[in-house]
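1. Predicted model and sequence follow; I will ask about them next.
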Amino acid sequence: MNTHNVSDQPQFFQHLTEQKKKLRDAQSLKGQRPPLKPGRETIMKFHYSLMSRPKKQDAAAEKQSYLSTSFVPPPYPLYIQPLSALTKIMISDLLLETHHRGRYLVLRTVTPQDRLHGVMAIVEDERGDVSLLQLYHQEETGAFEDIFVQGGAVIATAETGFTAAAWKTKGNDCFNSGKLRGAIECYTRALDCSPTANEQTIIKLNRALVFLRSESFNAALLDLESAMTVNTKLTDKSLFRQAQAFYGLLRYRECCDVLKTLRQAYPDNAAAKTQLDRAICRLTEQTHGRYKFKQLYAEAEQLRPPYLDHATYIGPVCVRPSGIGGRGLFTTKAVAAGDLLLCEKAFAYAFVDEDGEKGNTRDISVLIDPVADTVTMGAHPELINMTIRKMYRNPSLASAVTHLHRGTYEPVDSASVDGTPVLDSFLVRRIIALNVFGCPLTSRTSYLRNITHTLQAQNHEFHSCGLWPTASYINHGCTNNATRAFIGDMMFVRATRNIPPDTELTWWYAPPADDMTHQDSLRKTWGFSCRCALCVDQQNTPNSVLHRCNALRREFHRLMETLKRTGNRDTKNAERVLAAAAATYPRPPSEVPRLSLWRLQLTMAGVFAQWVQPLKTVDYALGALASLGYVVEGGVPVPSPRRAVGSSMVMVREWGVMVVDVIDCWMFLREAYLHLLAPDLAAGAEGYARIAYRVYFGEDETFDETFGDKKPVLG
Ligand SMILES: C[S@@+](CC[C@H](N)C(=O)[O-])C[C@H]1O[C@@H](n2cnc3c(N)ncnc32)[C@H](O)[C@@H]1O
């Protein structure tokens, strides 16, 4: 949703076609031996030459864009057997395009490690044959040391003669020099060497600390629980680490409980006090959905990537079987327009700094998927890596992703092998393809930036993207009743209308379009056709009517251009065209919103607002709302010298389709009512503008700031 699909752009379409051909050519060699296998020297030379290419870090230093291309390989079934069930094979036995299922290789690294899409190095087997080995979805260098160590075995062999104490010391050395993977390995070896009860406690506490540093919170918690069972005396260290693990797993209540115990036993522990205050804030957010929005904006402005330290709140919604497709998200109680339904922190979020500010590169990838027949531009490959790594590190969190919609993909039925969690990267890719959201840094800044160029501030495609699992259950509906806003990696979902209990929520995956092009994108990306009242009505509309409506729209734009160019204020022709366009709709807008009409009416309202013709402004702004399906009562003043007479209130009886321009519509009305000396109507219009604002940006704390002088931004 809102991801940057570039499949139709000629250069990317060509890329996709070439990639599909390469795949077919490769498949035709399946099962054959490589015809011309380069020698050891050539392979090594190639690797070293590749290593000297310009790197992402170099681009960062130069503040340049870094564009890389990744390909999604066709999925194949996982092979899940313990190492003991496999038989050995040599590099010279490897065949092209073949998965050597049931086999293993013993390899040694003979070059330094490099990183492109995966971690790679040249390796040799026991006969001295060499090959390139790539491992995908590995932790970023920086947090972890290299996975391939030159001269080291790829599958580590045991060192003999070390005691538990010696391994522990080696583990401490690794940790102190930032080698987290090595430290975990050493502590694990130490635990295998029959340590004393006291040693065991210390080793587990130490290993828990390394797990915390590497964000493996489940493993940290296990070590801490086990250490605390062996040694029942609760130390401040063990309690503090346990609280950190709970915090990382988003278990804020347990985190608070542990910290309270810690505070009682160690009242002078200042770090515990700070951590408790932080955990209490998260618990309040998680329980009540209360957020300090200005603080969130400040954090989103400062942090790169903008990972905000805030909690998910799941409001009055739950997942149920849907009448539309699969499962959906439903209200559990009546909610009003503007109410917060949920606020979710991304499970994973890959950020692209659109401005390249603050020393960040615009690190954009093009992801070519020959099987899905799509090319996406943005941070998708990074999102896939991040999601897989997080699931691998924290198995208890993984089900939030694996339960998501996966289309027809059949996952394997195994949780672990040889004590290691099984993670199907093809499944994760498929889930991400169907559930990913493109997102701006914040919805508000994106809007403010865009309104200076165009009225169509919604419907943008973004390079940054993320996975918000609960929000992913919301199905598509052209007449939306919910919408999403972003502040950093937090998504706010609000009701766009008053919704009764037990109602399915829907929003736009692709915005409805007059020419039904949104159906193509719904079919191609998500595999369904929309059957909502709007789409059915559009499908049933004769082509001749659609053509007439399109022709009238073009004529309207031509007339408006002429008015702008000549400065002429005679709008009769344009108004006549608008009336003719409205007459092409056989059903009232409250039944079938007129999505190609409201924008024209709003444009007209904007023009009259600029010319300070308030009655006309009111007329067209209310017309635009009506076309979107709103049933508004009142709001039509009759001007008099001292104060407007006629209706003194404006009230939305039925809510219509929510688009971001609804805010401007209400602000035009507000301004016009003030000119007509109708302050009650102006206050009512501002109230609705605030609701629309809250719906679109997730909050209304910044409403006054945005409309500082209370004038519409547009005009
Ligand atoms: C992001 S998931 C939404 C949640 C999904 N329904 C589930 O069961 O988990 C997207 C998938 O939901 C289904 N879907 C969403 N909106 C739909 C609609 N309006 N009509 C039919 N199917 C829809 C399609 O299968 C689509 O690929």
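-> Thanks, I have it. Because the structure is a prediction, the values reported are computed rather than measured.

2. For the residue in the stretch 601-715 of the chain that the ligand sits nearest to, give me its contacts.
-> Nearest to the ligand in the stretch 601-715 of the chain, going by Cβ to the nearest ligand atom, is residue 657, at a distance of 15.0 Å. No exception for glycine: its C-beta is placed from N, CA and C like everyone else's. Contact analysis of residue 657 by Cβ atoms under 8 Å, 6 or more residues apart in numbering lists 478, 479, 480, 496, 593, 595, 628, 629.

3. Now the third one. Nearest residue, chain neighbours left out?
-> Read that as residue 480. With sequence-adjacent residues excluded and distances taken as Cβ to Cβ, 6 or more residues apart in numbering, residue 480 is closest to residue 507, at 4.5 Å.

4. burial count for the one you found?
-> A count of nearby residues for residue 507, using other Cβ atoms under 10 Å, gives 20.

5. Quick check: phi and psi at it.
-> Dihedral pair for residue 507: phi -150, psi -180, per degrees, to the nearest 10.

6. re earlier: confirm the residue of the stretch 601-715 of the chain closest to the ligand sits in a helix?
-> No: counting by DSSP: H, G, I helix; E, B strand; the rest coil, residue 657 is located in no helix; its state is coil.

7. Helix or strand: which one has the spatially most central residue of the chain?
-> Central residue of the chain (Cα atoms, centre = their mean): residue 466, 1.7 Å from the mean position. Secondary structure assignment for residue 466, by DSSP states H and E: strand 465-467.

8. who touches the following helix or strand past that strand?
-> Where DSSP H and E defines the elements, the next helix or strand beyond strand 465-467 is strand 475-476. By Cβ under 8 Å, 6+ apart, the list of residues contacting strand 475-476 from outside reads 322, 324-326, 328-329, 504-510, 522, 526, 528, 530.

9. Enumerate the beta-bridge partners assigned to residue 467.
-> Going by DSSP bridges, residue 467 is paired in beta bridges with residue 348.

10. what about residue 448, how many neighbours?
-> Going by other Cβ under 10 Å, the residues that sit close to residue 448 add up to 15.

11. now do residue 633
-> A count of nearby residues for residue 633, using other Cβ under 10 Å, gives 12.

12. So the nearest residue to it once chain neighbours are set aside: helix, strand or coil?
-> Nearest non-adjacent residue to residue 633, counting by Cβ to Cβ, 6+ apart: residue 651, 4.7 Å away. With three-state DSSP as the basis, residue 651 sits in strand.

13. Assess the claim that residue 651 and residue 625 are in contact.
-> No: at 11.9 Å, residue 651 does not count as touching residue 625 under the criterion of Cβ atoms under 8 Å.

14. what about the two, which has more around it?
-> Neighbours per residue, other Cβ under 10 Å: of residue 651 and residue 625, the larger number sits with residue 625, 26 against 13.

15. Would you mind confirming that that one is in contact with residue 655?
-> No: in this structure, residue 625 is not within contact of residue 655 by Cβ under 8 Å, at 9.8 Å.

16. Could you list the low-pLDDT ranges of the stretch 201-350 of the chain?
-> Residues of the stretch 201-350 of the chain meeting the criterion pLDDT under 70: none.

17. what residues does it put near the ligand?
-> Counting by Cβ under 6 Å from any ligand atom, the residues of the stretch 201-350 of the chain close to the ligand are 322, 324, 325, 326, 327, 328.

18. quick one: which of those is nearest residue 169?
-> residue 327 (52.4 Å; Cβ to Cβ).

19. beta partners of the closest one?
-> According to DSSP bridges, beta-bridge pairing links residue 327 with residue 321.

20. before we move on, back to that, wait, doesn't the residue nearest to the centre of the chain sit right on residue 441?
-> No: Residue 466 is beyond contact range of residue 441, at 11.8 Å (criterion: Cβ under 8 Å).

21. now the contacts of strand 475-476: which count as buried?
-> Buried members of the contacts of strand 475-476, counted by 16 or more other Cβ atoms under 10 Å: 322, 328-329, 504-510, 522, 526, 530.

22. Considering these, which is situated nearest to residue 575?
-> For the buried ones among the contacts of strand 475-476, the closest approach to residue 575 (Cβ to Cβ) belongs to residue 508, at 30.3 Å.

23. Now do the contacts for that closest one.
-> Residue 508 is in contact with 1, 476, 477, 478, 480, 483, counting by Cβ under 8 Å, 6+ apart.

24. Let's verify the residue in the stretch 101-250 of the chain that the ligand sits nearest to: helix, strand, or coil?
-> Nearest residue of the stretch 101-250 of the chain to the ligand, counting by Cβ to the nearest ligand atom: residue 250, 21.3 Å away. The three-state label given to residue 250 by three-state DSSP is coil.

25. How much space separates it from residue 314?
-> The gap separating residue 250 from residue 314 is 11 Å, by Cβ to Cβ, to the nearest Å.

26. Can you report how many residues lie near residue 110?
-> Per other Cβ under 10 Å, the neighbour tally for residue 110 reads 18.
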